[in-house]
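> structure, please.
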Amino acid sequence: MADSDLGKYEKTLVSYLDILGFAELLNERSAAEIANLLITVKRSFAAGGRVHRNRNDEVVRIFKWFNFSDLIVRTTRIEAEEEINRIVDWEVYYLSEMQLSMALDGILIRGAICVGDLFAKSEESIVFGPALVKAYRLEREYAIYPRIVIDRDVIWEAEERGYIAHWQDYCLRGEDGAYFVDYFFGASLTGLEIGFPGDQPNARERIQAHRDMIVNFIEERTRAEKRRASERIKQKWIWLALYHNSTIRRLKERLQRSPRGQDLDRFLISEELLKF
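The predicted structure is shown next:
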């Protein structure tokens, strides 16, 4: 078989995701519980892919996904430069919604997003390339907290081309300089401003659930004398609690002139609770 028959690298948006603290979960849950957890994660992040229409108005599949254990790799081939805005916009929005949904079930997701050269053949379950290596390194070096890091090159290109305004409510720069998916702010702001269909929880219910998830972990798992959390785990949950409170304050500031922004302070996590 000639090398040309195998394919080539293509410019691709890559999202590299896994479950934060998965090793600890293996020691705490049964095989059946882990299997159900992985099925939930797999179904959630294997969906939501984009398609492309060529010049003949034919639908072309550009989204592929791969998984191993708790690792999910989402890939979206970029057919034309002008599509980057639309593809990144949708990916950040979709991952934001899924990350919040998982968090409400106590599943914390971390990962990285970048754009680069990738070889992906889902039929043979083969995926490799510089973009995958870069996403892996970004996740390992910067996603030590429950966050999905966005490569700076993606941010800078969005700023240079003037399309970052379309998804800036879903992107935040941390104190360490790393950009990441601002899932709690973006999803909550959209919910408060637009609302959801009648069969979905409203934004305030999700905000309350996010708070309860964090508080319950701190109270039930770190204050129990027999289950003291390690410093590494404490740091992750303190980061998440501080991120939650920061988001509530930013939502309040953004919606200060709207009735939807009233009484948001009641969703704050007390500073006293973080002294564990």
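
> CA atoms for contacts and neighbours, from now on please.
Will do.

> show me where this structure has helices.
Taking DSSP state H to define them, one finds helices in the chain at 3-6, 22-28, 31-45, 84-104, 130-142, 152-161, 183-194, 203-217, 231-254.

> how about low-confidence regions in the stretch 51-200 of the chain?
Scanning the stretch 51-200 of the chain for pLDDT under 70 picks out the ranges 51-59, 81-82, 195-200.

> could you report the neighbour count for residue 230?
The tally of other residues near residue 230 (other CA atoms under 10 Å) stands at 9.

> nearest to residue 124, out of the helices of the chain?
Set against residue 124 and scored by CA to CA, these come closest in helix 3-6, at 11.4 Å.

> rewinding a little: looking at the helices of the chain, which is closest to residue 276?
Across the helices of the chain, closest to residue 276 is helix 231-254 (CA to CA), at 8.1 Å.

> contact partners of that closest one?
For helix 231-254, contacts defined as CA atoms under 8 Å, 6 or more residues apart in numbering pick out 144-146, 184-185, 189, 210-211, 214, 218, 222, 261-262, 264-265, 267-269, 274.

> 6 Å instead, please
145, 185, 261, 268 (CA atoms under 6 Å, 6 or more residues apart in numbering).

> now do the same for it: mean pLDDT, whole number.
For helix 231-254, the mean pLDDT works out to 92.

> quick one: closest of the helices of the chain to residue 70.
helix 31-45 (6.2 Å).

> please name the bridge partners of residue 181.
residue 171 (DSSP bridges).

> could you report the neighbour count for it?
For residue 181, the neighbour count with other CA under 10 Å is 27.

> could you do residue 118 as well?
Residues near residue 118, counting by other CA under 10 Å, number 23.

> ditto for residue 125
Residue 125 has 11 nearby residues by other CA under 10 Å.

> what's the answer for residue 69, then?
For residue 69, the count of nearby residues is 13 (other CA under 10 Å).

> separation between residue 117 and residue 84?
Noted for residue 117: a distance of 14 Å to residue 84, by CA to CA, to the nearest Å.

> more neighbours: which of those two?
Higher neighbour count among residue 117 and residue 84: residue 84, with 21 against 18, using other CA under 10 Å.

> so who does residue 180 touch?
By CA under 6 Å, 6+ apart, the neighbours of residue 180 are 148, 149, 150, 171, 172.

> and the longest strand seen in the chain, what's buried?
As assigned by DSSP state E, the longest strand anywhere in the chain is strand 109-121. By 16 or more other CA atoms under 10 Å, the buried positions in strand 109-121 come out as 109, 110, 111, 112, 113, 114, 115, 116, 117, 118, 119, 120.

> ok and that strand relative to helix 31-45, angle-wise?
Orientation of strand 109-121 against helix 31-45 (axes from the mean of the first three to the mean of the last three CA atoms, to 10 degrees) gives an angle of 70 degrees.
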